[in-house]
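# what would the 3D arrangement of this be:
(one chain, ligands or ions: 1)
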Amino acid sequence: YLIIGQGLAGSLLAWRLINEGKSVCVLDDGHASSSSMVAAGVINPLAGKRFNHSPHIHVWLEAVGATYTQLSRLAKQPFLQWVDMLRLFREKDQHRYYERLSGQENIQLLISGTFTPDHPPQPVAAPLGGFIQKHTGYVRIPSLLAFLADWLKARQALEIASVSSEDISVDDHGVRYGRLRAGDIIFCDGYRSMKNPWFGYLPFAPDKGEILTLQARPGTGSAQLPDMIINAATWLLPVDNGAFRLGSTHNHRIQDNQPAAEGIQALLEGMSRLLDHPELLMLEKSEAGVLPATSDRQPFLGTHPVHPQLHIFNGFGAHGSLTIPWYSQQMTAFLLEGKTLPENADIKRFARR
Ligand SMILES: Cc1cc2nc3c(=O)[nH]c(=O)nc-3n(C[C@H](O)[C@H](O)[C@H](O)COP(=O)(O)OP(=O)(O)OC[C@H]3O[C@@H](n4cnc5c(N)ncnc54)[C@H](O)[C@@H]3O)c2cc1C
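Just a heads-up that it's a prediction; the model follows:
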């Protein structure tokens with residue numbers, strides 16, 4: 001297998017295929033357009049202001065626990081951190097969405113009660129109250145990708161190259177790229193797949209996101225700042241060494257990885273509505289990336305309708321850390337055992353295009 005892209009998608013898929021005894025070579029251009037390397041890696045199964053959730057959330061969470069724990073043991077470093085999330089209501093309607101949610105039996109494991117504006121369990125501004133979410137946290141994606149890059153290199157399974165589709169030839173026996181020959185190629189190249197001559201027909205909806213890293217001002221006591229993830233559209237995540245990540249903006253019109261002044265300002269304004277004392281945090285770094293989002297918000301998995309040697313594993317949008325562990329299991333079973341892909345993710349849904 002040739003895999004284009006060593007983001008979270010290409011890395012986990014390559015790791016699984018190699019563990020199944022397959023010969024793999026991953027080609028990556030040094031993360032030039034990586035979404036994974038800037039992502040905060042937040043795991044949140046209840047997305048958006050209506051707390052929408054997929055019927056797959058429980059299998060996703062199971063795969064999250066199993067996959068990152070297995071990798072952490074292998075690397076002897078923790079990639080996954082569970083941290084509860086304080087969900088702040090920002091519209092009155094959200095009380096209703098919460099009531100509907102909390103009545104569902106399969107969701108009760110994920111939530112643990114509401115709080116009122118006068119008693120938030122953290123130093124936050126919560127004028128409409130909120131609730132606490134369980135089974136949330138974050139993945140240290142850059143450390144995981146660095147570990148998997150070394151793991152792949154040790155198996156001669158990673159090369160640094162910027163791949164142009166014109167240099168890929170496809171014939172009845174498989175695919176060729178320079179001196180590399182393989183039976184199959186899998187595109188895990190993030191939003192750049194939209195320019196791909198074989199998979200560009202899929203409805204990508206790339207989304208530029210900006211994210212900030214902040215540090216507490218010297219002398220700030222730990223009780224003055226939250227130690228849970230705070231989420232009210234803008235979210236604040238406490239990470240290692242007293243730092244915080246603040247994210248993220250959305251822009252479907254621009255596709256570059258340059259942080260812009262407007263994005264930084266929008267995030268800082270968002271933070272000022274989250275905290276009682278936002279002045280306790282100082283801006284350290286701003287970053288941006290393009291999320292491989294899709295028009296129906298479902299990933300793109302499967303085989304090209306005409307060329308059986310071309311595959312795609314992509315389109316994980318804003319939820320890659322939560323969903324890629326499970327979808328990479330499904331993709332591996334599809335490639336190696338011919339198992340059917342989950343219908344929501346199978347690119348067969350766009351066959352008419
Ligand atoms: C600001 C921001 C915040 C985010 N926060 C979160 C979050 O909190 N939680 C979460 O789950 N997700 C988050 N995401 C989304 C997350 O990054 C994605 O879901 C996931 O990481 C996508 O991984 P990927 O491997 O599909 O794509 P990518 O990470 O983009 O990987 C693609 C790789 O392929 C390489 N590549 C592309 N084309 C070529 C080529 N022609 N030749 C060689 N190499 C190539 C790229 O350089 C890159 O290294 C965030 C994204 C952004 C931008």
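
# please, which helix or strand holds the residue nearest to Ala233 when sequence neighbours are not counted?
Closest residue in space to Ala233, ignoring its immediate chain neighbours: Arg90 at 6.3 Å, by CB to CB, 6 or more residues apart in numbering. From N, CA and C alone the C-beta is placed, and that goes for glycine too. Assigned by DSSP states H and E, Arg90 belongs to neither a helix nor a strand.

# quick one, phi psi at the residue lying farthest from the centre of the chain?
For the chain, the largest distance from the centre (CA atoms, centre = their mean) belongs to Asp172, which lies 34.7 Å off. Backbone geometry at Asp172, expressed as degrees, to the nearest 10, gives phi -60, psi -20.

# quick check, pLDDT for the residue in the stretch 201-350 of the chain that the ligand sits nearest to.
Nearest residue of the stretch 201-350 of the chain to the ligand (CB to the nearest ligand atom) works out as Gly320 at 2.4 Å. As predicted, Gly320 sits at a pLDDT of 98.

# tell me how many other residues crowd it.
By other CB atoms under 10 Å, 26 other residues sit near Gly320.

# now the one 3 residues further on
A count of neighbours around Thr323, defined by other CB under 10 Å, yields 26.

# what's the first-to-last distance across stretch 195-206?
End-to-end distance for stretch 195-206, by CA to CA, to the nearest Å: 12 Å.

# before we move on, what about stretch 13-28?
14 Å.

# and that stretch, does that touch the ligand?
Yes: Stretch 13-28 is in contact with the ligand by CB under 6 Å from any ligand atom, via Leu27, Asp28.

# quick one: distance of that stretch to the chain centre.
20 Å (CA atoms, centre = their mean, to the nearest Å).

# buried ones in it?
Residues of stretch 13-28 classed as buried: Leu13, Ala14, Trp15, Arg16, Leu17, Ile18, Lys22, Val24, Cys25, Val26, Leu27, Asp28 (neighbour count, 16 or more other CB atoms under 10 Å).

# again, but for stretch 268-284
Buried-residue list, stretch 268-284, by 16+ other CB under 10 Å: Leu268, Gly270, Met271, Leu274, Leu275, Pro278, Leu280, Leu281.

# about what we covered before: pull the contacting residues for the residue of the stretch 201-350 of the chain closest to the ligand.
Gly7, Leu8, Ala9, Ser35, Ser36, Ala39 (CB atoms under 8 Å, 6 or more residues apart in numbering).

# also Ile254?
With CB under 8 Å, 6+ apart, Ile254 has these contacts: Lys208.

# and it, what pLDDT?
pLDDT, read off for Ile254, is 87.

# any idea how far it lies from Lys285?
20 Å (CB to CB, to the nearest Å).

# repeat for Ala32
19 Å.

# next, the residue of the stretch 201-350 of the chain closest to the ligand: phi, psi?
Dihedral angles (degrees, to the nearest 10) for Gly320: phi -60, psi -40.

# point out where the protein drops to low pLDDT.
Filtered on pLDDT under 70, the chain yields no residues whatsoever.

# domain map for it?
According to automatic domain parsing, the chain comprises the domains 2-41+141-204+295-350, 84-135+207-291.

# nearest to Gln77, of the ones you listed?
Nearest to Gln77, of all these, is domain 2-41+141-204+295-350, at 6.5 Å by CB to CB.

# what is the end-to-end distance of the closest one?
Start-to-end, domain 2-41+141-204+295-350 (CA to CA) is 24 Å.

# quick one: distance of it to the chain centre.
Worked out by CA atoms, centre = their mean, domain 2-41+141-204+295-350 lies 14 Å from the chain centre.

# so which residues on the stretch 101-250 of the chain come close to the ligand?
Counting by CB under 6 Å from any ligand atom, the stretch 101-250 of the chain sits next to the ligand at Ser162, Val163, Cys188, Asp189, Gly190, Arg192, Gly209, Glu210, Ile211, Gly247, Ser248.

# try the stretch 251-353 of the chain
Residues of the stretch 251-353 of the chain lying near the ligand (CB under 6 Å from any ligand atom): Gly289, Leu291, Pro292, Asn314, Phe316, Gly317, Ala318, His319, Gly320, Ser321, Leu322.

# go again using 5 Å as the cut-off
Gly289, Leu291, Phe316, His319, Gly320, Ser321 (CB under 5 Å from any ligand atom).

# need the contact list for the fourth one.
When contacts are counted by CB under 8 Å, 6+ apart, His319 is found next to Asn44, Ala47.

# give me the three-state assignment for Phe256.
Small correction: residue 256 is Asp, not Phe. coil (DSSP: H, G, I helix; E, B strand; the rest coil).

# where does the closest residue to it other than its chain neighbours land in three-state SS?
In this structure, Asp256 finds its nearest non-sequential neighbour in Lys208, 6.9 Å apart by CB to CB, 6+ apart. Using three-state DSSP, the structure places Lys208 in strand.

# surely Phe313 meets Leu12?
No: at 9.2 Å, Phe313 does not count as touching Leu12 under the criterion of CB atoms under 8 Å.
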